[in-house]
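Trainee: I would like to see how this sequence folds:
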Amino acid sequence: MKLGYHIGYWSSGPPEGALEAIVEAERLGFESVWTAEGYGSDALTPLAWWGAATSRVTLGTNIVQMSARTPTATAMAAMTLDHLSGGRFVLGLGASGPQVVEGWYGQPYPKPLARTREYVDIVRKVVAREAPVTHDGQQYQLPLRGGTGLGKPLKSTVHPLRPHIPIYLAAEGPKNVALSAEICDGWLPLFFSPKTDDFYRAALEEGFARRAARPETFEVAASVPVIVHDDVEQAADLIKPSLALYIGGMGAKTVNFHHDVFARMGYADVADKVQDLYLAGRKKEATAAIPTRLVEDTALVGPPEKIRDELARWEESVVTTMLVRGDTATLRRVADVLS
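Mentor: Model prediction:
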């Protein structure tokens, strides 16, 4: 299984030691480096800035939020980064959720699957640069309908380094996972668990069946927390606050895709309790309500021997790349245990 380094998005500012960790990840043989965005730092600028210090690793976004940019603006950024990196860029896209899309970007959220399909189609057309780009969809129109009438189809002035830049889709629900297999080159799962491997295999197969031809390669790059520690409980405690945030607070009470992932995993009662506590402002209690077994289902925690034993079930799953986080010392420990 390949290893990637996921920097994620920033909290209150740039993560300390990020550049050193990226350089070390490449030295250790990691295959890829990834950035993210929410409603603070963007994904593209750090990837370009820090990625300039690398020469081999794939540079990917996990994820660029579609509502933050028009499809053509995203395609422009993708072609630019692909040139600057010498063909090492992977465009990871995601629809995010209604709280961020409507609350931060001021864009409508309905019909995310249809919007994703149109978005990817336009990006593909721009990058291929075979003709002036036109698109007459429900979500996007090029040229725009009902405008001045002066819009005209355009072709990028920049010639792509590669006419096909890989696009991965962040997805959690079965329909969106199937869509990634149908129209993209990879899937970016969050909170994947080997125990739900059959569920996701079926969703991917549904998407592959809708393609004219099954892709020769399809990457599944999963974000997997790895904490090497002699005490399993202490290791799990380092992950539980983040899980509480996503299960409880990253979404509305009625629409939280992360909550739904754990419900499908068999933790519906736990997810409901965590959400109720978190939304009531009782964050410490929400964190304490997460059982260690839930952490162990979605992460690798504990002594090296335990992690190596549990790695086998991940290697048997659809996951092709494991994306880990942490500082330079953490990456060294992880590489030593997983390599």
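Trainee: let me know the helix or strand that residue 150 is in.
Mentor: Assignment of secondary structure by DSSP states H and E places residue 150 within no helix or strand.
Trainee: can you tell me the SS state at residue 319?
Mentor: Classification of residue 319 by DSSP: H, G, I helix; E, B strand; the rest coil places it in coil.
Trainee: isn't it right up against residue 4?
Mentor: No - if you go by C-beta atoms under 8 Å, residue 319 and residue 4 don't touch, sitting 11.0 Å apart. Using the backbone N, CA and C atoms, a C-beta is placed for each residue, glycine as well.
Trainee: mind listing the shared neighbours of the two?
Mentor: residue 221 (C-beta atoms under 8 Å, 6 or more residues apart in numbering).
Trainee: buried ones in stretch 229-244?
Mentor: 229, 232, 235, 236, 237, 239, 240, 243, 244 (16 or more other C-beta atoms under 10 Å).
Trainee: same check, this time on stretch 47-64
Mentor: 47-48, 50-51, 54, 57-64.
Trainee: check stretch 143-150 too.
Mentor: Those would be residue 143, for stretch 143-150 by 16+ other C-beta under 10 Å.
Trainee: for it, give me every contacting residue.
Mentor: Under C-beta under 8 Å, 6+ apart, the answer for stretch 143-150 is 134, 136, 151, 152, 153.
Trainee: name the nearest of those relative to residue 100.
Mentor: residue 136 (27.8 Å; C-beta to C-beta).
Trainee: so what's that closest one up against?
Mentor: 142, 145.
Trainee: does it have beta-bridge partners, and which?
Mentor: Beta bridges link residue 136 to residue 141 when assigned by DSSP bridges.
Trainee: okay, it: pLDDT?
Mentor: What the model reports for residue 136 is a pLDDT of 97.
Trainee: relative to residue 114, how far out is it?
Mentor: From residue 136 over to residue 114 the distance is 14 Å, taken as C-beta to C-beta, to the nearest Å.
Trainee: check residue 271 too.
Mentor: Counting by C-beta to C-beta - residue 271 and residue 114 are separated by 28 Å.
Trainee: just give the nearest non-adjacent residue to residue 263, would you?
Mentor: Of all residues beyond its chain neighbours, the one nearest residue 263 is residue 271 (5.1 Å), with distances taken as C-beta to C-beta, 6 or more residues apart in numbering.
Trainee: my guess is the one you found contacts residue 264. True?
Mentor: No - checked against C-beta under 8 Å, the pair residue 271 and residue 264 is beyond contact range at 9.6 Å.
Trainee: how about the strands in the chain?
Mentor: 2-8, 32-35, 58-61, 64-65, 89-94, 135-136, 141-142, 167-170, 186-188, 219-223, 226-228, 300-302, 321-324 (DSSP state E).
Trainee: show me where this structure has its helices.
Mentor: 18-28, 44-51, 71-84, 98-103, 112-128, 174-183, 197-209, 232-244, 257-262, 268-279, 283-288, 292-298, 304-315, 328-338 (DSSP state H).
Trainee: mind listing what's buried along stretch 175-194?
Mentor: 176-194.
Trainee: picking that back up, so residue 271 and residue 114 - more neighbours on which side?
Mentor: residue 271 (25 against 13; other C-beta atoms under 10 Å).
Trainee: re earlier: lowest-confidence stretch among the helices of the chain?
Mentor: Among the helices of the chain, helix 257-262 scores lowest, at a mean of 89.
Trainee: what are the contacting residues of that helix?
Mentor: Under C-beta under 8 Å, 6+ apart, the answer for helix 257-262 is 97, 172-173, 190-191, 246-248, 250-251, 268, 270-272, 274-275, 294.
Trainee: starting at the chain centroid, how far to that helix?
Mentor: In terms of C-alpha atoms, centre = their mean, to the nearest Å, the centre of helix 257-262 is set 15 Å apart from its chain centre.
Trainee: repeat that for stretch 275-284.
Mentor: Counting by C-alpha atoms, centre = their mean, stretch 275-284 comes out at 26 Å from the chain centroid.
Trainee: just tell me which of the strands of the chain ends up closest to residue 118.
Mentor: Among these, strand 135-136 sits nearest to residue 118 (C-beta to C-beta), with 6.8 Å.
Trainee: for PyMOL, write the selection for the buried entries among the contacts of helix 257-262.
Mentor: In PyMOL, a selection of the buried entries from the contacts of helix 257-262 looks like this (16+ other C-beta under 10 Å):
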select buried, resi 97+172+190+191+246+247+248+250+251+270+271+272+274+275+294
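Trainee: perfect, that will be all.
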